[in-house]
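Enquirer: Predicted coordinates and the sequence they were generated for:
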Amino acid sequence: MPYLENNLLDTSLRVSLIQTSLYWENSGTNRAMLEEKIWSLEGKTDLIVLPEMFSTGFTMSTNSVFETMNLHTHKWMRQMASQTGAAITGSIIIKENHKFYNRLLWIEPNGREYTYDKKHLFRMANEHLHFTGGDKVLTVLFKGRKFRLIICYDLRFPEWIRNHYNPKTGLDYDVLIVVANWPKARAQAWDTLLKARAIENHCYSIGVNRTGTDGNSVDYMGHSAIYSPKGETLAFAGTDEKILHFTLDFSALDVYRDKFPSFLDGE
């Protein structure tokens, strides 16, 4: 899929991952909490990443907590992007045309914004009975680099994330970003899959997960992280609430791809 265009170009980009517990089904309190964390960020950042369903927690109570586009949380994200000068992304529950979506919003300080509806709905929590899945990938060009955005359970499906190579345009994306509410019980799968997706797709892999316990008594372990295309751990947040900062070096990514272009031998 062709990427969405933005004309800026940088060789490095600073990301800030907000790993936090969430207030159950309380969007106003979550926005206030996250705003405080955002204003506590040290130094300038280019991209702020929030967890999946950051305004409510991973709830199936769609009728009582949904929002529509251009309502409170959407407007709040626009405000945060404009005031911080950073792009911001995370997913919320959106109702549109009488259907509910687990929708990721990507909003830039210049007002550009894009959306992605979670493709793979987590049937073990009956997400597929409450939400409608999306059918389109989202790749955003931001400051000259391509970002692929996915949500939680999508991480388990490599064919959906495959970084295809085109001789004219190169690889589909440079950075994979996963926003999640991934339970502690499956922490090893989260760690392994994040690293594997980086290696097999010759990209930086970024995962942002929540901590704490939700209203269904599900525990979350955090483990937000950034992995290199070699599978190296570049940043790791552990299990506590933490804001993780890291500067992605795209010149190093280009060198690695040039020296080890195994994507040229893919199907």
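Expert: Nice, thanks for sending it over.

Enquirer: could you measure A180 against D254, distance?
Expert: Separation of A180 from D254 (C-beta to C-beta, to the nearest Å): 28 Å. All C-beta atoms are positioned from the backbone trio N, CA, C, and that covers glycine.

Enquirer: neighbour-wise, which of those two wins?
Expert: A180 (25 against 12; other C-beta atoms under 10 Å).

Enquirer: what are the ranges of the helices in the stretch 1-150 of the chain?
Expert: 27-39, 62-65, 72-84, 127-130 (DSSP state H, counting those that start in this stretch).

Enquirer: Convert the C-alpha atoms of the second one to CSV, please.
Expert: Listed next in CSV are the C-alpha coordinates belonging to helix 62-65 (Å, rounded to 0.1, in the frame of the first residue of the first chain):
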residue,chain,number,x,y,z
THR,A,62,-19.2,-0.3,24.2
ASN,A,63,-22.6,1.3,24.7
SER,A,64,-21.6,3.1,27.9
VAL,A,65,-18.1,4.3,27.0
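
Enquirer: count of neighbours near Q79?
Expert: Residues contacting Q79 under the criterion other C-beta under 10 Å number 14.

Enquirer: With the one 4 residues further on instead?
Expert: Burial of Q83 is recorded as 12 neighbouring residues (other C-beta under 10 Å).

Enquirer: repeat for the one 3 residues further on
Expert: If you count neighbours by other C-beta under 10 Å, A86 ends up with 21.

Enquirer: For it, list the residues it contacts.
Expert: A86 makes contact with S16, K44, T45, D46, L47, I48, P109, according to C-beta atoms under 8 Å, 6 or more residues apart in numbering.

Enquirer: in the helix or strand hosting A235, what counts as buried?
Expert: Using DSSP states H and E, A235 maps to strand 233-236. Neighbour-count burial for strand 233-236, counted by 16 or more other C-beta atoms under 10 Å, picks out L234.

Enquirer: Please name the strands paired to that strand in the sheet, noting orientation.
Expert: strand 225-227 (antiparallel) (DSSP bridges).

Enquirer: what does the partner strand contact?
Expert: 15, 17, 191, 194-195, 198-199, 204-207, 233-237, 244, 246, 248.
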